Structures are given as C-alpha cells and as structure tokens.
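K.L.:
Let's see this in three dimensions:
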Amino acid sequence: MSLIARHLEENGIPTVVIGVARDIVESCGVARFLFVDFPLGSPCGEPWNVAQQREIFDMALGLLETARAPRTTREAGLSWSKGEDWKTLVFTEAQPYQSGEVQEAWLARKEKYRQLRAEGKV
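P.N.:
All right, here's what the predicted structure looks like:
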C-alpha cells in the first residue's frame, strides 16, 4: 500500500495512508500517514464500530487538508476498547496464538532452509 501511495503521489495524486504498522509505513516514505495504534488488520477502526471508523476517516481527510510537509505522520490517539493485551501477542518471541504443532512445523521448515542455504542450494 505504501509503495502504491508513493507512486500516486509522484503522479500528482495526493494520498493518505491509514495504518497500524508505523515502522513499516514510515520506512516506505509516504507523504501523509495516519497512525492508528490498533492490532494488525484494523487500521480503520474496530469491527462494527461505525462511529469510530468515521472518526478515523475524518482524521485522514483532515490530514490530507492540513499536512504541510512531506512524510507527515499524525497519531490518531485512539485506544483499542479491549485494552492493549493484543500487543503482548505481537511484540514477543513467543507466539501464543500458534499451537505447539504449528510452531514446531515452522521451526522445522526454518531449520531445513538453513541447511539448504548452508549447502548453497538456496
């Protein structure tokens, strides 16, 4: 999305990116970015919360009108209604949302890749 926004901007079409992965979006260098500190997949608000979704959209339009410098980031300043426990699932090496079997399979694939890479096959 960020790369598309940059392409549109280069061709004279102003954009605002609404996102939750601040580090990724800012590293792409978008012109205007509304950062919403919500879980991945929910940049435009919580499911079925139409008032909140409209508020975020209005903030994005406001940013489009008021940003005066390139690479402008504005924080939405909203809080996820169910608290911030979702962050403990994302910002940790342990991945509690994966079952033991899924994590073991991932580790096995990772080790196989390392072996193939060491052998020059990848």
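K.L.:
mind listing the helices for this structure?
P.N.:
2-10, 22-28, 50-66, 85-90, 100-118 (DSSP state H).
K.L.:
what comes up buried for the third one?
P.N.:
Yep, that's helix 50-66 we're talking about. Counting neighbours by 16 or more other C-beta atoms under 10 Å, one finds that the buried residues in helix 50-66 are 52, 56, 59, 60, 63. Quick note: C-beta positions are derived from backbone N, CA and C, even for glycine.
K.L.:
what's the spacing between the residue nearest the centre of the chain and residue 48?
P.N.:
Geometric centre of the chain, nearest residue: residue 21, 2.7 Å, by C-alpha atoms, centre = their mean. As judged by C-beta to C-beta, to the nearest Å, residue 21 and residue 48 stand 23 Å apart.
K.L.:
worst-scoring helix or strand of the chain, pLDDT-wise?
P.N.:
Using mean pLDDT, DSSP states H and E, the weakest-scoring helix or strand in the chain turns out to be helix 85-90, at a mean of 75.
K.L.:
Okay, now the unreliable bits of this protein?
P.N.:
For the chain, residues meeting the criterion pLDDT under 70 lie at 89-99, 122.
K.L.:
run the last query once more with 90
P.N.:
1-3, 6, 21, 23-24, 27-29, 40, 69-70, 84-122 (pLDDT under 90).
K.L.:
quick one, domains of it?
P.N.:
As assigned by automatic domain parsing, the chain contains the domains 2-81, 92-122.
K.L.:
Return the most buried member of those.
P.N.:
domain 2-81 (a mean of 15; mean count of other C-beta atoms under 10 Å).
K.L.:
Right, I'll leave it there.
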